[in-house]
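Colleague: Dropping a prediction and its sequence here:
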4 protein chains.
Amino acid sequence: MIIQSPQFRIGILGASGYSGGQLLRLLLRHTGVAVGPLFANSSVGADVATLHPDLRGRVDAKFEPWNLEKASSCNLIFLALPSGEALPLLPLLAERGVKVIDLGGDFRLKDAAAYQQFYRRAHTATEYLSKAVYGLPEWNTGEIAAAEVIANPGCYPTSVLLPLLPLVAAGVIDLDCIIIHSMSGTTGAGRSASAELSFSEVAGNVRAYRVGDHQHLPEIEQALGRVAGTEVTVAFTPHLIPVERGIVTTMTLGLRRPITHQQLGELYHQHYSNKPFVRWSPERIPDLRGVVGTNFIDIGYRLDPRTGRLTLMSAIDNLLKGAAGQAVQNMNIQLGFDETEGLL
Amino acid sequence: MIIQSPQFRIGILGASGYSGGQLLRLLLRHTGVAVGPLFANSSVGADVATLHPDLRGRVDAKFEPWNLEKASSCNLIFLALPSGEALPLLPLLAERGVKVIDLGGDFRLKDAAAYQQFYRRAHTATEYLSKAVYGLPEWNTGEIAAAEVIANPGCYPTSVLLPLLPLVAAGVIDLDCIIIHSMSGTTGAGRSASAELSFSEVAGNVRAYRVGDHQHLPEIEQALGRVAGTEVTVAFTPHLIPVERGIVTTMTLGLRRPITHQQLGELYHQHYSNKPFVRWSPERIPDLRGVVGTNFIDIGYRLDPRTGRLTLMSAIDNLLKGAAGQAVQNMNIQLGFDETEGLL
Amino acid sequence: MIIQSPQFRIGILGASGYSGGQLLRLLLRHTGVAVGPLFANSSVGADVATLHPDLRGRVDAKFEPWNLEKASSCNLIFLALPSGEALPLLPLLAERGVKVIDLGGDFRLKDAAAYQQFYRRAHTATEYLSKAVYGLPEWNTGEIAAAEVIANPGCYPTSVLLPLLPLVAAGVIDLDCIIIHSMSGTTGAGRSASAELSFSEVAGNVRAYRVGDHQHLPEIEQALGRVAGTEVTVAFTPHLIPVERGIVTTMTLGLRRPITHQQLGELYHQHYSNKPFVRWSPERIPDLRGVVGTNFIDIGYRLDPRTGRLTLMSAIDNLLKGAAGQAVQNMNIQLGFDETEGLL
Amino acid sequence: MIIQSPQFRIGILGASGYSGGQLLRLLLRHTGVAVGPLFANSSVGADVATLHPDLRGRVDAKFEPWNLEKASSCNLIFLALPSGEALPLLPLLAERGVKVIDLGGDFRLKDAAAYQQFYRRAHTATEYLSKAVYGLPEWNTGEIAAAEVIANPGCYPTSVLLPLLPLVAAGVIDLDCIIIHSMSGTTGAGRSASAELSFSEVAGNVRAYRVGDHQHLPEIEQALGRVAGTEVTVAFTPHLIPVERGIVTTMTLGLRRPITHQQLGELYHQHYSNKPFVRWSPERIPDLRGVVGTNFIDIGYRLDPRTGRLTLMSAIDNLLKGAAGQAVQNMNIQLGFDETEGLL
């Protein structure tokens, strides 16, 4: 058990993975919370520093086996688990009054049929689909502050929604022409033994995957539809690229009406001027170098006078703004801390 | 001078660069040509093996200064130069009856104004814009066989046109909805001293560049327009990714009429069944691992029933099918060799 | 079954791995052999092109289950298997008169106790330890030509022995001061599902491993001792670095007597002037760029007047000169082909 | 000008480079100093966030031209310049009573002749060679606290000296057998336009460089000699590897007398038990993953019973413990802050 401050006790389940490790690093820097226990599955009994070697000498703790009673003594539990594994656990925690932030995809969709279609398994805790708040802090602050259960957004959806939602909200975008192309590093796939994700296979390689049926597709459409007030269907093609961390998304968008770079800047200013982690610019093209290691999202935009379309680009660190950083941002809102605590 | 066979003598100008080096390696394997002289600029006097160290012990030659007389004694000269540098040289060679294959972009566009707009310089040899044959072997075999001057296609256009042209020719594609996203390795930028292309900046990074104004854009549109019989405007966004070699292109395309995977396969079969370097499949998603080191283009396609659009994907080695390999393929057609000589 | 020429039929067991795939590519270029069957284990039934996608369209065959009878109809079988798996198979083939080249380590050591110590398993076919010829072509040509069973050298030993043996043979080296430091890419570990070898863990990382007890250590010492005529003990530290292919070895060596760069060059000339795959130079420092994709070994050497020691360096492609390339070189010697057939 | 706290004002010259940027990031986290001005050369006038894009939105400042008067108003100036450029500037600052920490190599050697030999230029401020304190905090705390001018150690020497000095001090090491192999990422070469350091050349490549004459060699020997009380000559071979950040050093060392792993651990405990940035272990082999992004040095050691030698290994982040982190550690000692302030 690592105790920093008595105010709130925060547990992590899945602390041995990449997202779990990032959570741990962020919470250690946080001035208002005590971290622990650190639950894991296959790594139970191992020193935390074995799997997160940069923490050697700073964290003297072992991964513990999951224990509902211990978990129930926490104020808040982060679930950083492979898809499906939160289904049986989240309800148990919620019933015991523990706040939960789930970094996985099990409670993001409102529609159990879409879950079954894209996650390829039945949803077994459907009553929590409606209870869970979608934790996109720049858009749902009020709901997040009051939430018992937060579904932390997926990495791709975060990279898509933050640049796109202000334009959809303003009615600028032709909803029939939303073409999304994303490129992700390998930590997005989690820490796992897979020949497909070995260095020998990934280095020097690039490939699209789950073309047209990625599980983040319905999450993107649900969030866009909620703001648009109508069903939205998008084209989304994710690619695996040989970097460890980061997502770059490039969208090509039809426009309902002419707009200028200045008006686009005003829309972003209107929505995000008081949002500490959103940066936008018509000049600078977002890249990973600007965001990896930070909780920022960088947004760039270029009107194409030749096609009359808009090229909208973003970059995030998939483990921070795309996972653990955003989760801590949500925790800060829930627990009443400054939104940036532990994140700068 | 490296002499292998007396049949044809082939010179290279720009032999010290990445494309020039690939040309040299391919021609060394070719059974019907003698290679040399190897002209260079800043590397004049250096051993060839200094810049292409894998050729140590196999090529005992030095880079020579450009010499029109020497060049004129060749049957064919490859120009592998930075943009603009072929403008004064190509006419001199053509006038002397030397066949020329230009790997650069100076003679690909028919429209001098488009050249000026996208290459940011005036064209000074416009009479050769019409004389030059666009060297896309799978589409212009007859013209190539008879050509004196060949403009070898750009790497991005090759990756776009080979998958797309059969569908445009068949009238399948909605020409108002052609959205192209491409990702290229760093050798596409040539061998150059640039802080922007240093390992420290490129590794772990991904970024779009020249959004909406890349010089390959008018080349793509010109070739599509020629087959479509009408002007075509596309959205094209290139990205730099941390790999040395290869281009992956993902296109999202509107359809004019419903089509099936089987019909798409039939279109490719119709156009490419006797083309040795085109491979296509509705199942396998193209990746760099399948094409790097080869002259193949891999094509993949997925109809998206949700959006009614087609995701069309391709992968090439930017230095082979995207440059030197395609150039040798053109040479083979011109000189009467089997199209695959030196390339398998 | 892929038939190129009727002269010799060559089978591969372990054709789905990285070394097996390289063997296949090399043998396809070979003018004197027919390749097949291609035996595999977990990939039985899969198209060859599934695992070696660059061969799509060139190899239309499936991996077959191991079948001794089929294998016995071959003139020669390459074994490209994980350590230990050749132990039961090699004797069966040898008894049936099939020549065998084993790319693994099971038959390289003469001493079964050393095998047990470093490979961590008992040797179960010890009678073949003495029968197997160590296939270092530049040193054992005669034995290789007559061999029934060849133990193809390990990748690290190849990178160490070729530069070092001429100096040991000449009595130049202080045998008490042989310090070897090697760096290898990831394909040396084979194609396998392992979290430790995932891109997320390997990219950006460097680490020594099996410090002082790597299984290639006794192989190095055995070969040095044979030439030195006395037992030799070396310090050997291998490192894993984030590249796919290649080994760079740097040795720091005590000298028994003063020597000059010119005399070192003469020693290499004496041993290797008619060896097509050895290149040496006192000026050029070997690097991977010069050897990857080739069967060459590059050797560099620098006398250090400050310490009186010699820095001896080498670079090879671990899958070619360090495995499949050297294996084909051995086959060429055995079957009477030119040593370079299929390898340039 | 970025003002955080009024206590001390700290300037940086060379703030646009990799080390300068790291200094800036560390000082922004420091609670006791105000950062600025940020002097640069070629980047004068550019926004800081242009070259350090992760700082966009956090640092609103421009790089300023060097101005001695402005610099003199600082309490301390960090020089993060290419070799040679500190020679004329450091004396001017020191004369004006500004404390200086020089991250370059110009004032590390006591011997001007050695400087000339290894840095290939004459030393023009030799009176400061003796005045400058070598800033290895774990060994020179007292001198550092009192210093006016600190020569911050080189990255390679830091990786060598911290593991080696306790053993040399204890008389354990055979000073005639110190063999050092180091591997460094590319940021060690600074931010510069060089074809040799381009991604296309470095990716997939490994090579030794400056074999036997690297400028860090006399620095290592000087520091070892001071502790040993006698001249020490070492063999040192640095290698460039395809990672952005980090150094791994592997040393093979002769021993004067038998020693155990436990005794080695005791030596480290004796020297470093109260040093916050040194971690050691006989089991864990140091790697970059454990140190990149931190100011830690990881030390590992393995006695080799076969050779009677010791393999001593270390890993650091070349930009932190190897440059900017160590520089801030020195500043903390000089200005009376806790040694870890801003560094955890």
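Modeller: On my side now, so go ahead. Just so we're clear, the structure is a prediction, and the values are computed from it rather than from any experiment.

Colleague: Surely A:Gly20 touches A:Leu27?
Modeller: No - using Cβ atoms under 8 Å, A:Gly20 makes no contact with A:Leu27, being 10.6 Å away. Heads up, the C-betas are built off the backbone N, CA and C, glycines and all.

Colleague: More neighbours: the two, which one.
Modeller: A:Gly20 (29 against 23; other Cβ atoms under 10 Å in any protein chain shown).

Colleague: then whichever strand or helix holds A:Met183 to PDB, C-alphas only?
Modeller: Following DSSP states H and E, one finds A:Met183 within strand A:173-184. Output in PDB follows, covering the C-alpha atoms of strand A:173-184 (Å, rounded to 0.1, in the frame of the first residue of the first chain):
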ATOM      1  CA  ILE A 173     -20.500  19.300 -41.100                       C
ATOM      2  CA  ASP A 174     -22.200  17.300 -43.800                       C
ATOM      3  CA  LEU A 175     -23.100  14.200 -41.700                       C
ATOM      4  CA  ASP A 176     -23.100  12.000 -44.800                       C
ATOM      5  CA  CYS A 177     -19.400  12.700 -45.400                       C
ATOM      6  CA  ILE A 178     -17.300  11.900 -42.300                       C
ATOM      7  CA  ILE A 179     -14.200  10.000 -43.300                       C
ATOM      8  CA  ILE A 180     -11.900   9.100 -40.500                       C
ATOM      9  CA  HIS A 181      -8.500   7.600 -40.900                       C
ATOM     10  CA  SER A 182      -6.500   6.900 -37.700                       C
ATOM     11  CA  MET A 183      -3.000   5.600 -36.900                       C
ATOM     12  CA  SER A 184      -2.200   4.100 -33.600                       C
END
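
Colleague: Show the contacting residues for the residue in chain A sticking out farthest from the centre.
Modeller: Residue farthest from the centre of chain A, counting by Cα atoms, centre = their mean, is A:Arg306 at 34.5 Å. By Cβ atoms under 8 Å, 6 or more residues apart in numbering or on different chains, the contact set of A:Arg306 is B:Gly212, B:Thr233.

Colleague: okay, the closest residue in space to A:Gly185 that isn't next to it in sequence: pLDDT?
Modeller: Nearest residue to A:Gly185, sequence neighbours excluded (Cβ to Cβ, 6 or more residues apart in numbering or on different chains): A:Val243, at 4.0 Å. If you check A:Val243, the pLDDT there is 97.

Colleague: repeat for A:Ala189
Modeller: A:Ala189 carries a pLDDT value of 86.

Colleague: Who are the contact partners of A:Leu224?
Modeller: When contacts are counted by Cβ under 8 Å, 6+ apart, A:Leu224 touches A:Leu161, A:Leu164, A:Leu165, A:Val168, A:Leu175, A:Ile178, A:Val232, A:Val234.

Colleague: Report the two of those separated the most.
Modeller: Across the contacts of A:Leu224, the longest distance by Cβ to Cβ is 14.2 Å; it joins A:Leu161 and A:Leu175.

Colleague: could you check the distance from the nearest residue to A:Ser73 once chain neighbours are set aside over to B:Asp102?
Modeller: Excluding its sequence neighbours, the residue lying closest to A:Ser73 (Cβ to Cβ, 6+ apart) is A:Arg9, at 6.8 Å. In this view, A:Arg9 and B:Asp102 are 69 Å apart by Cβ to Cβ, to the nearest Å.

Colleague: the more surrounded of the two?
Modeller: Of the pair A:Arg9 and B:Asp102, B:Asp102 is the one with more neighbours under other Cβ under 10 Å, namely 28 against 18.

Colleague: Look up the pLDDT of the more buried one for me, please.
Modeller: For B:Asp102, the pLDDT comes out at 98.

Colleague: swap in the one 4 residues further on?
Modeller: Each residue has a pLDDT score; the one for B:Asp106 is 98.

Colleague: can I assume it is in contact with B:Ser83?
Modeller: Yes - between B:Asp106 and B:Ser83 there is a contact under Cβ under 8 Å: 6.4 Å.

Colleague: overlap in contacts of these two?
Modeller: B:Tyr119.

Colleague: In terms of neighbours, single out the busier of the two.
Modeller: More neighbours surround B:Asp106 than the other of B:Asp106 and B:Ser83, with 28 against 15 (other Cβ under 10 Å).

Colleague: Which residue is the nearest non-sequential neighbour of that one?
Modeller: Leaving out its chain neighbours, the residue that sits closest to B:Asp106 by Cβ to Cβ, 6+ apart is B:Ala86, at 4.4 Å.

Colleague: residues in contact with that neighbour?
Modeller: Contacts for B:Ala86 were tallied using Cβ under 8 Å, 6+ apart; they are B:Leu79, B:Asp102, B:Gly104, B:Asp106, B:Phe107.

Colleague: What of A:Val100?
Modeller: A:Leu76, A:Ile77, A:Phe78, A:Leu79, A:Leu90, A:Leu93, A:Ala94, A:Glu148, A:Val149, A:Ile150 are the contacts of A:Val100 under Cβ under 8 Å, 6+ apart.

Colleague: thinking again about what came up before, between A:Leu161 and A:Leu175, which one's more packed in?
Modeller: Remark: of A:Leu161 and A:Leu175, A:Leu161 carries more neighbours, 24 against 18, as counted by other Cβ under 10 Å.

Colleague: Isn't A:Asp174 up against A:Gly254?
Modeller: Yes - the criterion here is Cβ under 8 Å, and A:Asp174 meets it with A:Gly254 at 3.3 Å.

Colleague: tell me which strands and helices the strand holding A:Met183 is in contact with?
Modeller: Counting contacts by 3 or more Cβ pairs under 8 Å, 6 or more residues apart in numbering or on different chains; DSSP states H and E, strand A:173-184 packs against helix A:155-169, helix A:217-228, strand A:235-240, strand A:247-255, strand B:173-184, strand B:247-255.

Colleague: Which one of those lies nearest to D:Asp287?
Modeller: strand A:235-240 (24.1 Å).

Colleague: that's a strand at A:Leu129, yeah?
Modeller: No - using DSSP: H, G, I helix; E, B strand; the rest coil, the secondary structure at A:Leu129 is helix, not a strand.

Colleague: Could you report the distance from it to A:Leu161?
Modeller: From A:Leu129 over to A:Leu161 (counting by Cβ to Cβ), the distance is 19 Å.

Colleague: And for A:His269?
Modeller: For A:His269 relative to A:Leu161 (Cβ to Cβ), the value is 18 Å.

Colleague: Cool, thanks, signing off.
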